[in-house]
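> The following comprises the amino acid sequence and a computationally predicted model.
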Amino acid sequence: MKYLIYILRRLVSLIPVLLGISFIVFFLIRLIPGDPAATLLGTHATPQAVEALRAQLGLDRPLWSQYLTFMGHLLQGNLGYSFVYDGSVSSLISTSLPVTLWLLVSGTVFTLLIAVPLAVLAAARRGGTADNIIRAVPVIGLGLPSFWLGIMLILVFGLKLGWFPVGGFGNDLAGHLRSIVLPGITVALALSPILIRSLRASMIDVLGSDYIVTAQAKGISTARVVFGHALRNAAVSSVTVLGVNIAYLTGATLVIERVFSLPGIGQQMINSILGRDFPTVQGITLVFAIMVVVVNLLTDVTHAVLDPRVKLT
Amino acid sequence: MSTTTILEPTLPAATPRPRGRGRWNAPLVSGLILFALIVLCAVCAPLLTSYDPIQQNLNDAFLAPGSPGHPFGTDSLGRDVLSRLLYGARVDLQVGVLAVVSPFILGSLVGLVAGWFGGWVDAIIGRVVDVVIAFPFLVLVIALVFAIGPGTSSIYTAITLVGWVAYCRIVRGQVLIAKEQEYAMAARASGLPTWRILVRHLLPNVILQAFVFSMSDIVLTLLAIVTLGFLGLGVPPPTPDWGTMIQEGQQFILTKWYMSTIPGLAVVLTGLALALIADGIVDKANR
C-alpha cells in the first residue's frame, strides 16, 4: 500500500515534466527555418499544396490554439498521421516499439552478465592484476563508438563465424532471440563500463564494513560473504546508476538498430528523418522521452523496494 | 571544501600516495601525448598526404590498404582513405571541441544564476533541466538537427541546446555550497554588485567541477558527431568525416572489411586519448 501511494505521488510529480516534454515536441516543428510547410514539401511544391499542408498542420492558426489541439490529440493517443506511410503515427510506433523494448531488455541482461562478475572480481581482488585490468576498461569503453563496435561484431560473429544473423529481427521467437544477441551485446559493451565502475566502488565500500568483517570472522567462506552478504547491499546504489544509463542508452539504441537493421522505433525515426516525415519524428521523439521517464520511475521504485532506508516521499 | 585545502599541505600523508597524486599522472601524460600526436597529424595533413580528400578517381576505386601510394587504400569513389582520415580528423576534432564550449558557458552561467538566486528562478530553471534531461541526448540532438536543417552550425546549436543542462546542474550544486562560505558572505556584505560577486568571486571557485566534466563531455560530443555522420545527419558531404566514412564502409563490409574498420579505429584512438586525459584530470581534481 505504501508503495502504491509512493508511485502515485511520483506520477503526480511527473506532470510538469510531461507537460514540458510535450511543449518541446510541439515546438520542434516551429524550429524549421522559414515556412515549415514549404520546407517540408520541398522546392517543387505548388502554392496550393503548401497552403493545404499548412492548414492540415494547423500552422495558419494562433500558436496557443495549435498547442491546445496538439495536446487534445495527444491525450487521446493521437500523434497525427505519417506523411510517408499510409497510417497513423501511433500505429507505426506500436509495431516498432516492441523491437526496441526487446533490444533494451536484452542489452540490460547482457550488461548484468558482463558487469556483475567483473565488478565483483575487481572488488574482491582489489589492487591486483585483475582489478587493474578491469579498472582500465571504463577508460577505453568511454570513447568506443557503439555503432562501430556493432559493425565489428557483425563482421566477426555474423560474417566470418556465421553464428548470428547479420541483421533483421527474424520471423519467430527463436529468430527474434538469435537476432537480438549481437545488438544486445553491443548495448551491453557500451553500458557495462559505467556499471562496473560504480558497482566496484560500492562493493569495496561494503566489503570494508563491520558486518562483513564479522561474517568473515565467523568463518563463512569468501564466496558466500561476497555473493551472499556484500553483493546485495552493493547492488542497491548501482540500480540507480544502471537506471540513469539505461535512460541514456535508450538514445543509443537508435544507432544500434540502424547498424543491425532492427525494425525498432530508432530505425523508424532515422527513416522518417531521411523521408522528412515530420509527424513521425515528433511522435517518436515523444515516445523516447516517455520511455526515459518510465525507466527513471521504475529505477526509483526498485531502489525504494530494495533499500528500506529510502523515505517514501 | 576550501577549508580543507588550507589545512592540507601541513597534514602528513597518512596513506601511501594513491594514483594521481602529484602534478602529473600516467593517464594524463599518455592521453596528452596521444592527443597531441593526433592533432599534429590533423594539422600537418597536407604534409603527410598529397591527395585531395574529396578528389574522386573512379579508376582507382576499392584499392586495398598497402597499395602503392595509398597506404590505407581508397574508397568506393577512389578517394584516398589516408587523406580522408587526416582531413576528417580536422573536421571532427574542431567540431567536437568547439561544440563543448558553448554548452559549457551557457550551462555554467545558468547554473550560477539558479544556485545564487534560488527561489522561483531556481524552480523554473530546475523544471526546464528536468524536461531536457528526460530526452535521450542523441534523440533530441537528432530531432533538433533535423528541424533546424543540416550543417555544422545546426550541430553546434543542437548540442548547445541539449548539452547545457549537465553543466547547469554541476555548477548549481557547487554554488549552493559556495554561497554559504565566508568569502561569499563577505562579498555580499561589502555591497558589491551581484554580477561582480558572481563572476569575480563565485565563478572561479565553482567552475572546476564543470571543467572536469567538460573533459569527458568532449569524448561524448565527439561520439555524437561521429554518430550523426554515420546516420547521414552530420557534416554534409563531401567534407570528410569519420562517421560518414564508417557508414560508407558498412555497405561493403562483406568484401572490404577494412573500409569501416580503419576510420573506426581512428575514433577509438581519439576517444581513448581524450578519455585518458579526462581520467587524469578527474584524479588530479579530486586528490
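The structure has been received and is ready for your questions.
> Which residue is it, in chain A, that comes closest to chain B?
Of all residues in chain A, residue A:143 sits closest to chain B, at 1.8 Å by Cβ to the nearest Cβ. Bear in mind the C-beta positions are built from the backbone N, C-alpha and C, glycine included.
> For chain B, which residue occupies the most central location?
residue B:218 (1.2 Å; Cα atoms, centre = their mean).
> Spit out the contact partners of that residue.
B:96, B:97, B:100, B:274, B:278 (Cβ atoms under 8 Å, 6 or more residues apart in numbering or on different chains).
> ok, back up a step: not including adjacent chain positions, what is the nearest residue to the residue of chain A closest to chain B?
Closest residue to residue A:143 in three dimensions, ignoring its sequence neighbours and counting by Cβ to Cβ, 6 or more residues apart in numbering or on different chains: residue B:271, at 1.8 Å.
> Check residue B:29 too.
According to Cβ to Cβ, 6+ apart, the nearest residue to residue B:29 is residue B:280 (7.4 Å).
> And the helices in chain A, which stretches?
A:2-13, A:15-28, A:36-41, A:47-57, A:63-75, A:89-124, A:129-142, A:146-153, A:173-207, A:210-217, A:222-224, A:231-259, A:265-274, A:278-306 (DSSP state H).
> nearest to residue B:33, of those helices?
Among the helices of chain A, the nearest to residue B:33 by Cβ to Cβ is helix A:129-142 (15.1 Å).
> and residue 272, what does it touch?
The chain I'm using is chain A. Applying Cβ under 8 Å, 6+ apart, the residues near residue A:272 are A:82, A:84, A:278, A:280, A:281, A:284.
> not quite, I wanted chain B
In this structure, residue B:272 makes contact with A:139, A:140, A:143, B:31, B:34, judged by Cβ under 8 Å, 6+ apart.
> quick one: it from residue B:234, how far?
For residue B:272, the distance to residue B:234 equals 21 Å [Cβ to Cβ, to the nearest Å].
> do the same with residue A:227
Using Cβ to Cβ, we find residue A:227 at a distance of 46 Å from residue B:234.
> Looking at the two, which one has more neighbours?
residue B:234 (27 against 14; other Cβ atoms under 10 Å in any protein chain shown).
> Enumerate every residue touching the more buried one.
Applying Cβ under 8 Å, 6+ apart, the residues contacting residue B:234 are B:155, B:225, B:226, B:227, B:228, B:241, B:243, B:244.
> switch to 7 Å and redo it
With contacts taken as Cβ atoms under 7 Å, 6 or more residues apart in numbering or on different chains, residue B:234 has the following neighbours: B:155, B:225, B:228, B:241, B:243, B:244.
> so which of these is the most crowded?
For the contacts of residue B:234, neighbours were counted using other Cβ under 10 Å, and residue B:243 has the most, 30 neighbours in all.
> Checking my notes, that residue in a helix, right?
Yes - assessed with DSSP: H, G, I helix; E, B strand; the rest coil, residue B:243 lies in a helix.
> In this model residue B:222 seems to touch it, though I could be wrong.
No - when contacts are counted by Cβ atoms under 7 Å, residue B:243 is not listed as touching residue B:222 (9.9 Å).
> number of nearby residues for the nearest residue in space to residue A:20 that is not next to it in sequence?
Leaving aside its chain neighbours, residue A:20 sits nearest to residue B:131 (3.1 Å; criterion: Cβ to Cβ, 6+ apart). In terms of burial, residue B:131 registers 20 neighbours under the definition other Cβ under 10 Å.
> pretty sure residue B:131 is in contact with residue A:16, am I right?
No - the criterion here is Cβ under 7 Å, and residue B:131 misses it with residue A:16 at 8.0 Å.
> Return the residues of the stretch 51-200 of chain A in contact with chain B.
Proximity of the stretch 51-200 of chain A to chain B, by Cβ under 7 Å from any Cβ of the partner chain, involves residues A:139, A:140, A:142, A:143, A:144, A:145, A:147, A:148, A:151, A:154, A:155, A:159.
> Have a look at these and tell me the least confident one.
pLDDT across these is at its lowest for residue A:159, which sits at 70.
> circling back: pLDDT for the contacts of residue B:218 - can I get that in JSON lines?
Listed next are these as JSON lines, based on pLDDT from 0 to 100:
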{"residue": "B:96", "pLDDT": "85"}
{"residue": "B:97", "pLDDT": "86"}
{"residue": "B:100", "pLDDT": "91"}
{"residue": "B:274", "pLDDT": "86"}
{"residue": "B:278", "pLDDT": "83"}
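> okay, now residue 95: neighbour count?
As the question left the chain open, I've gone with chain A. The criterion is other Cβ under 10 Å. On that basis, residue A:95 has 13 neighbouring residues.
> meant chain B, my bad for not saying
Neighbour count for residue B:95, taken as other Cβ under 10 Å: 24.
> wouldn't it be in contact with residue B:152 here?
Yes - at 6.2 Å, residue B:95 and residue B:152 qualify as touching, with contact defined as Cβ under 7 Å.
> Return the distance of stretch A:269-288 from the chain's centre.
When distances are taken as Cα atoms, centre = their mean, to the nearest Å, stretch A:269-288 is centred 17 Å away from the chain's centroid.
> Neighbours of the closest residue to residue A:54 other than its chain neighbours, how many?
If the residues on either side of it in the chain are set aside, residue A:54 comes closest to residue A:37, at 4.2 Å by Cβ to Cβ, 6+ apart. By the other Cβ under 10 Å criterion, the neighbourhood of residue A:37 contains 22 residues.
> Show the contacting residues for the residue most central in space within chain A.
Among the residues of chain A, the one closest to the centroid is residue A:250, at 2.0 Å (Cα atoms, centre = their mean). Shown here is residue A:250, whose contacts under the criterion Cβ under 7 Å, 6+ apart are A:104, A:288, A:291, A:292, B:136.
> how about the residues you listed in CSV, adding neighbour count?
Listed next are the contacts of residue A:250 as CSV, based on neighbours: other Cβ atoms under 10 Å in any protein chain shown:
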residue, neighbour count
A:104, 19
A:288, 29
A:291, 23
A:292, 24
B:136, 24
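> which of these lies closest to residue B:48?
residue B:136 (37.9 Å).
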